[in-house]
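Enquirer: what's the 3D shape of this:
(chains A and B)
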Amino acid sequence: MTALASPPALNRRPTRERAPGETRSGIFNHGLPVGAFLLFTLVPFYWMIVFAFRQTGSTLPLPVPFTFDHLKTVWTDLGFSTYLWNSVAVALCTLLFTVVLALLTGYALARFEFRGKSPFMVVLLATQFVPGAMLLIPLFLIFKQLGLIDNLFALIISDTVFQLPLCAILMSNFLKNIPIELEEAAMIDGCSRFRAFCAVVLPLLRPAIVAVGSFAFIGAWNNFLFALMFINHNDRFTLPIGLNSAIGEYSADYGALAAGGVVAAVPVVIVFAFMQRFLVQGVSAGAVKG
Amino acid sequence: MTSTILAKTPVAPAAAAGGSPPRQARKRRGRWFRGPYGLITPAIVLITVFIAVPVGTVVYFSLFQYNLSKPWATKFIGLDNFHTMLFDDPQFWSSLGITSVWVVAEVVLQLVLGLALALLLNRVFRGRALVRALMFAPWAISGVLATQIWLLIYNPTTGIADVLSQLGAQSGFAPLAAGGSAFWAAVIAELWRGLPFFAIMLLADMQSIPKDVYEAADVDGASAFKQFRYVTLPYLREAIIITTLLRAVWEFNNVDLLYTLTGGGPAGATTTLPLYIVNEAVGARNFGYGSALTIAGFVILLVFSMIYLYFGRASRKESK
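Expert: Residues are numbered from 1 along each chain as shown, chains lettered A, B, ... in the order given. Reported below is the predicted structural model:
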């Protein structure tokens, strides 16, 4: 437990330890509320797992008798293997594009003063108020013109565009915390700016890259609306729309539905577990302070 | 446990790695990288083509009668769409009402419970990292997946009602069947998914409150509640203002869960404005009227945000 409580990371923010007034942690003022929150959080997950791995007909609140049948059904009969690979492709490409673009944009914002910088920042922030649902119609027409309807690139592009602004701001806030002297020193030693960036700054940006990459991955993985609008063909379905159509068609086969949910949940939960300790840090560094 | 590093990022190890480059690196290699404009060009192009142009297109379409399934009937009709929306469309007004209740309920519940959760997770206790990881997990879950999970819980034959009946109680609990309960069932499912975000944002700011402020308060004999009221809350006020605004915008626009869980029903009881737009766009392919609704939503959001920020700023100045 103690090992979990303090992962041996160099990049952690200082955690405040036992500040006065918050040392008491009895069972009633602490254990009980934590338990209640945990119950609320975990019971729905547990319920899904029970249904996914329990034989049809059993009513025990445990995955007993245990079975992989539901998983096999969704994997082969319902096409979730295809959906999974489509989702993986979309999420990984979005991750790659978003990280690269966020690095470029974030670097410009953190290291340069230039004309039009503050309007650009305003535009980046303003995009957060433009909802995806409202751009469905024109985006559909644009992708139709580009011949990208029923093409996963429509999803990759639109996911990247909508993830980019916040990720770029997050990245620039991280960059501002890295002393510029480090790059200057490298450049005096004869590095080009690009080389100085790669050799000196990039290694220090690891937590930021993990945070931004995970945001992009999870965002793309979970995106439903764009996929619903731009993808019509079964072979190109991603998991969210695959799951949605399964909810419609197989509404009586709860085992299969739950198993489909497990397929959709496992990759994000892995990514989440991987980036979880950067999450609080990433958010506080990237927070948009008014 | 005591890996307290003052700088946010460690500096020492990589500084050495940048030394001893080849001499010719001084030459202007990669001219493209030299200016900030080169760096932001890709972002500008993407945002222009896929956000700015579409916003303009929406404005343009809102002036047309334009249904993708009836392309022959496309014509310019001026502000007729808006006239219809404001005066002849009860669904628009009811969806606005439902949207407001939805946003207020979600933001208030998430703020109160998120604050409580952040306070709990900010304390030091055994296994805190594990508890944190578990509690934040729903944050990564998509709206559709949340729907799928909560459908199992709300379904009379697989969920709470089933557990109750096995215990001998006949409850007839089927929350998605009736309008009022379907709405609150959706609110709870969304709360489950949205709570971690609020807790993460507030926790991040709580951890940046300097320790000595609490020590000073302790010396002065302030109780735990007073420390919360007069130290924690004032420090968090900026974070709370920004987070509630972001969340309000996000919940306003959020359609995934409602679209899949209730589809806006029963009888329109959970049709928020964005859901109405999606139904017009995806379902009816009614792009003209859908665009007009879109603009209404956008304007409402913008005005709301400006008023909210204005009062947020004003109250901040007062308190200084």
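Enquirer: Now do the helices in the stretch 151-300 of chain B.
Expert: B:160-166, B:179-206, B:211-219, B:224-227, B:233-253, B:256-261, B:273-278, B:287-319 (DSSP state H, counting those that start in this stretch).
Enquirer: Can you check what angle separates the second one from helix B:233-253?
Expert: Counting by axes from the mean of the first three to the mean of the last three C-alpha atoms, to 10 degrees, helix B:179-206 lies at 140 degrees to helix B:233-253.
Enquirer: Could you check the pLDDT of B:V103?
Expert: On pLDDT, B:V103 comes in at 95.
Enquirer: nope, B:R132 is what I meant
Expert: 82.
Enquirer: Not counting residues beside it along the chain, what's closest to it?
Expert: The spatial neighbour of B:R132 that comes closest, neighbours along the chain excluded (C-beta to C-beta, 6 or more residues apart in numbering or on different chains), is B:L121 at 5.5 Å. Just so you know, the C-beta spots here come from the backbone N, C-alpha and C atoms, and that holds for glycine as well.
Enquirer: how deep is the one you found tucked in, by neighbour count?
Expert: By other C-beta atoms under 10 Å in any protein chain shown, 23 other residues sit near B:L121.
Enquirer: looking at it, it is touching B:A199, isn't it?
Expert: Yes - if you go by C-beta atoms under 8 Å, B:L121 and B:A199 touch, sitting 6.7 Å apart.
Enquirer: Nearest to A:T67, out of the helices of the stretch 151-300 of chain B?
Expert: Evaluated with C-beta to C-beta, these place helix B:160-166 nearest to A:T67, the distance being 19.3 Å.
Enquirer: joint contacts of B:L121 and B:A199?
Expert: B:M135 (C-beta atoms under 8 Å, 6 or more residues apart in numbering or on different chains).
Enquirer: Surely A:F237 touches A:F230?
Expert: No - A:F237 is beyond contact range of A:F230, at 11.2 Å (criterion: C-beta under 8 Å).
Enquirer: Would you map the helices across chain A?
Expert: A:2-5, A:32-53, A:69-72, A:80-111, A:117-126, A:132-145, A:152-176, A:180-188, A:193-196, A:202-204, A:206-222, A:225-230, A:239-249, A:254-286 (DSSP state H).
Enquirer: Buried ones in the second one, by neighbour count?
Expert: Using 16 or more other C-beta atoms under 10 Å in any protein chain shown as the burial criterion, the residues of helix A:32-53 that qualify are A:34, A:37, A:40-41, A:44-45, A:47-53.
Enquirer: what angle separates it from helix B:179-206?
Expert: Using the same axes, to 10 degrees, helix A:32-53 lies at 120 degrees relative to helix B:179-206.
Enquirer: tell me what helix A:32-53 is packed against?
Expert: Contacts defined by 3 or more C-beta pairs under 8 Å, 6 or more residues apart in numbering or on different chains; DSSP states H and E place helix A:32-53 against helix A:69-72, helix A:254-286, helix B:90-122, helix B:128-136, helix B:143-154, helix B:179-206.
Enquirer: For the residue nearest to B:T262 when sequence neighbours are not counted, give its distance to B:W184.
Expert: Nearest residue to B:T262, sequence neighbours excluded (C-beta to C-beta, 6+ apart): B:T270, at 4.4 Å. The spacing between B:T270 and B:W184, counted by C-beta to C-beta, to the nearest Å, is 10 Å.
Enquirer: Neighbour count: the two, which is higher?
Expert: Between B:T270 and B:W184, counting by other C-beta under 10 Å, B:T270 is the more crowded of the two (26 against 14).
Enquirer: phi, psi of the more buried one?
Expert: Taking degrees, to the nearest 10, you get phi -120, psi 20 for the backbone angles of B:T270.
Enquirer: I figured it hits B:L257, correct?
Expert: No - the criterion here is C-beta under 8 Å, and B:T270 misses it with B:L257 at 9.8 Å.
Enquirer: overlap in contacts of these two?
Expert: B:A186.
Enquirer: How is the chain partitioned into domains?
Expert: Using chain A here. Structurally, chain A divides into domains by automatic domain parsing as follows: A:28-67, A:79-286.
Enquirer: ah, I was thinking of chain B
Expert: If you go by automatic domain parsing, chain B breaks into B:29-56, B:89-319.
Enquirer: Would you pull up how far the last one lies from the middle of the chain?
Expert: A distance of 7 Å separates the centroid of the chain from that of domain B:89-319, by C-alpha atoms, centre = their mean, to the nearest Å.
Enquirer: got it, and the first one?
Expert: Averaging C-alpha positions (C-alpha atoms, centre = their mean) puts domain B:29-56 26 Å from its chain's average.
Enquirer: Would you mark the buried spots in that domain?
Expert: Residues of domain B:29-56 classed as buried: B:33, B:36, B:39-40, B:43, B:46-47, B:50-52, B:54-55 (neighbour count, 16+ other C-beta under 10 Å).
Enquirer: ok, now stretch A:111-129?
Expert: A:111, A:120-121, A:123-124, A:126-129.
Enquirer: Extract the C-alpha trace of that stretch and format it as PDB.
Expert: Only the C-alpha atoms of stretch A:111-129 are listed here, as PDB (Å, rounded to 0.1, in the frame of the first residue of the first chain):
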ATOM      1  CA  ARG A 111       8.800  30.800 -26.000                       C
ATOM      2  CA  PHE A 112       7.900  33.600 -28.400                       C
ATOM      3  CA  GLU A 113       6.300  37.000 -28.100                       C
ATOM      4  CA  PHE A 114       4.600  37.700 -31.400                       C
ATOM      5  CA  ARG A 115       2.000  39.900 -32.900                       C
ATOM      6  CA  GLY A 116      -1.400  38.300 -32.700                       C
ATOM      7  CA  LYS A 117      -0.500  36.100 -29.800                       C
ATOM      8  CA  SER A 118      -3.200  37.100 -27.500                       C
ATOM      9  CA  PRO A 119      -6.000  37.000 -30.200                       C
ATOM     10  CA  PHE A 120      -4.700  33.500 -31.000                       C
ATOM     11  CA  MET A 121      -5.000  32.500 -27.300                       C
ATOM     12  CA  VAL A 122      -8.600  33.900 -27.300                       C
ATOM     13  CA  VAL A 123      -9.400  31.900 -30.400                       C
ATOM     14  CA  LEU A 124      -8.000  28.800 -28.700                       C
ATOM     15  CA  LEU A 125     -10.100  29.400 -25.700                       C
ATOM     16  CA  ALA A 126     -13.200  30.300 -27.700                       C
ATOM     17  CA  THR A 127     -13.100  27.000 -29.500                       C
ATOM     18  CA  GLN A 128     -14.000  25.400 -26.200                       C
ATOM     19  CA  PHE A 129     -17.400  27.100 -26.400                       C
END
